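Enquirer: this one's sequence-less:
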Ligand SMILES: [Zn+2]
């Protein structure tokens, strides 16, 4: 996987994903992502779909800040 910004090889790493919604903030830890040394991050389609599912589910039950672990929410 090459970086779309600078062309360097990206490294698979765990990253914290933050979704800022209208009435809440959802923090998802340990999300597998491709990270570049320039700061670019890329999630695979599978991971991104899973993130959306977690966000959709959580935003119906919280109205503040939620912190979840991707590896445990999956
Ligand atoms: Zn890059």
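Expert: Arrived safely. Only a predicted model underlies this, so the values are computations on that prediction, with no experimental measurement involved.
Enquirer: what comes up buried for stretch 15-34?
Expert: The neighbour-count criterion (16 or more other Cβ atoms under 10 Å) identifies 15, 17, 19, 24, 26, 28, 29, 31, 32, 33, 34 as the buried residues of stretch 15-34. Where C-beta positions appear, they are placed from N, C-alpha and C, glycine not excepted.
Enquirer: now the helices for the chain?
Expert: 45-59, 70-73 (DSSP state H).
Enquirer: what residues are up against the closest residue to residue 65 other than its chain neighbours?
Expert: In space, not counting the residues next to it along the chain, residue 65 is nearest to residue 25; the distance is 4.8 Å by Cβ to Cβ, 6 or more residues apart in numbering. Neighbouring residues of residue 25 by Cβ atoms under 8 Å, 6 or more residues apart in numbering: 18, 19, 64, 65, 66.
Enquirer: export those residues to TSV and tack on distance to residue 73?
Expert: Output for the contacts of residue 25, formatted as TSV (distance: Cβ to Cβ, whole Å):
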residue	distance to residue 73
18	15
19	13
64	17
65	15
66	10
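Enquirer: quick check, nearest of the residues you listed to the ion?
Expert: Sorting those by how near they are to the ion, with Cβ to the ion, puts residue 18 at the top with 20.4 Å.
Enquirer: can you pull the pLDDT of the closest one?
Expert: pLDDT, the model's per-residue confidence, is 96 for residue 18.
Enquirer: isn't it up against residue 31?
Expert: No. Shown here, residue 18 and residue 31 do not form a contact pair, counting by Cβ atoms under 8 Å, at 10.1 Å.
Enquirer: returning to that earlier point: which of the contacts of residue 25 fall in strands?
Expert: By the criterion of DSSP state E, membership of the contacts of residue 25 in strands covers 18, 19, 65, 66.
Enquirer: grab the nearest non-local neighbour of the first one.
Expert: Excluding the flanking residues, the one nearest residue 18 by Cβ to Cβ, 6+ apart is residue 27, at 5.3 Å.
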